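Undergrad: Let me see the structure of the following:
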Amino acid sequence: MDIIIVGGGKVGSSLAGILCEEHNITIIDTNESRIQTIINDSDVKGIVGNCLQTAILEEADVDKCKIFIALTDSDEVNILSCLIAKKMKARHCIARVRNPEFDKQLVFMREELGISMMVNPDYNSANEIAKVLRYPDAINIDNFAKGRVDLAEIRITSGSILENIALSQLSKRLRLDILICAVQRGDDVIIPNGNFVLHSGDKIHVTASHSNMVKFFKSISSAYREKRVKSAVLIGGGRVGYHLAQHLREMGIKVKIIEIDEKRCLELSERLDKVSIICGDGTNQDILREERVYDADAVVTLTGIDEENILMSLLAKNNGVNKVVTKVNRMNLMQLSETLNLDSVISPKSIMVDQILQYVRAKQNSTGNNITTLYRLVNDRLEAMEFVVREEKEYLGVPLKKLKLRSGILIASIVRGNELITPKGDDCILLNDSVVVVTTNRGFEDLKEIFD
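TA: Sure, this is the predicted structure:
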């Protein structure tokens, strides 16, 4: 499939590196050295030039392009380049749009201007952080089937009710319909069977309905009510902080933002109702003590400097803050954060890459039971995908125990209407089901590919 990526920054270069393994990728950027670096690192075609010039788009063969992805730093350039590409016969267009002022026009841009997908990494990151703050014991929370299925990542601590329990006994012990679909133990990522025994220090990925997930966290934490987040301090008042403050106020959480830029503080004060805005340096310990930051139930570090965010998160954790969330963009620091045992780490870049990859895989085939949701987990070593069954296939209606799955794959849940099924051997997949699959493999595009 021919794909054009405009903008060779962090997201563009990352996408190019992933997609070039399966697709013909052309990347356009005005920065010659950036293009050269991407060409050296990945098997892509690079063009130096302005994406708003039709001659540049013609050189990129935009008329043969199935997906056009605009990821420059300018919302306006991204939107306009998509309109030009669409006019020049590109089939599907994706634009990164970050300015909150465009939020109310997203439907118009999709329906009237023909832009297939609008991606706002700041809003999506804020949404992910808000989900984590709903479950303070969780490292990360993802959703499938329009919110009917939760996938939670947690760490098993010493003395936990989950320690030294075999998975076959888990539902009986907790009296809940849940499924542990993946375990990270040290450097290993395991798709477990019923005989697998959980140990302290394991990171587990659990699927359940939303109501059962709430009960699950209550079961494993005697202090569940005390851990609920009632107040949060956001260090950094950029776009993610703005969207997050809105989310948290809707959840009834008291919010305070510490932002160093005075002009930005005035903007936030005008836009955010019932949010306390403090103009000051969030790395200054005197300000943190004066504002009693460490008395908050949660601290979220959102500055533009990854190292600052990690350092402030460690300080908050060491000063007794129950829930700490850290925004990190650079992948090498994402991996370091695991070594430092940070609570929850959110990467706007990774969230955006996942969202675009999900769309690309869904458009890979014009027919079939394709991906509708995709998450990459454990530093891209694990994928959780949702397929919607839209076509009759030979595996439909067959008990799962009679189907042979490829290695490294587990069917985590089946959603049928409003019913959530935790799959067992006698269960079947039927037409119109949503099927959630967790795998240590990569590159699946259709549900049929999980079967041998």
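Undergrad: mind listing what residue 435 touches?
TA: Residue 435 is in contact with 386, 387, 388, 389, 411, 413, 414, 415, 429, 447, counting by Cβ atoms under 8 Å, 6 or more residues apart in numbering. Yep, even glycine has a C-beta here, placed from its N, CA and C like the rest.
Undergrad: switch to 10 Å and redo it
TA: 144-145, 369, 385-389, 411-416, 421, 423, 429, 447, 450 (Cβ atoms under 10 Å, 6 or more residues apart in numbering).
Undergrad: Compute the distance between the residue nearest in space to the middle of the chain and residue 440, please.
TA: Most central in the chain under Cα atoms, centre = their mean is residue 351, positioned 3.8 Å from the mean C-alpha point. Relative to residue 440, residue 351 is positioned 21 Å away (Cβ to Cβ, to the nearest Å).
Undergrad: now residue 83
TA: Distance of residue 83 to residue 440, computed by Cβ to Cβ: 40 Å.
Undergrad: Backbone dihedrals for the closest residue to residue 61 other than its chain neighbours, both of them.
TA: Using Cβ to Cβ, 6 or more residues apart in numbering and skipping the chain neighbours, the partner closest in space to residue 61 is residue 2 (6.9 Å). Note on residue 2: backbone dihedrals following degrees, to the nearest 10 are phi -90, psi 120.
Undergrad: separation between residue 2 and residue 354?
TA: Residue 2 is 22 Å from residue 354, by Cβ to Cβ.
Undergrad: quick one, what contacts residue 405?
TA: Going by Cβ under 10 Å, 6+ apart, residue 405 touches 191, 411, 437, 439, 450, 451, 452.
Undergrad: So how do I select the buried members of those residues in PyMOL?
TA: To isolate the buried subset of the contacts of residue 405 in PyMOL, counting by 16 or more other Cβ atoms under 10 Å, use the following:
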select buried, resi 191+411+437+439+450
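Undergrad: Check the gap between residue 329 and residue 205 for me.
TA: For residue 329 relative to residue 205 (Cβ to Cβ), the value is 23 Å.
Undergrad: Check residue 78 too.
TA: For residue 78 relative to residue 205 (Cβ to Cβ), the value is 34 Å.
Undergrad: then the host helix or strand of residue 39 to PDB, C-alphas only?
TA: According to DSSP states H and E, residue 39 maps onto helix 32-41. Output in PDB follows, covering the C-alpha atoms of helix 32-41 (Å, rounded to 0.1, in the frame of the first residue of the first chain):
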ATOM      1  CA  GLU A  32      17.000  18.100   4.300                       C
ATOM      2  CA  SER A  33      19.100  16.700   7.200                       C
ATOM      3  CA  ARG A  34      15.900  15.300   8.800                       C
ATOM      4  CA  ILE A  35      14.900  13.500   5.600                       C
ATOM      5  CA  GLN A  36      18.400  12.100   5.200                       C
ATOM      6  CA  THR A  37      18.400  10.700   8.700                       C
ATOM      7  CA  ILE A  38      15.100   9.000   8.100                       C
ATOM      8  CA  ILE A  39      16.300   7.600   4.700                       C
ATOM      9  CA  ASN A  40      19.400   6.200   6.400                       C
ATOM     10  CA  ASP A  41      17.300   4.600   9.200                       C
END
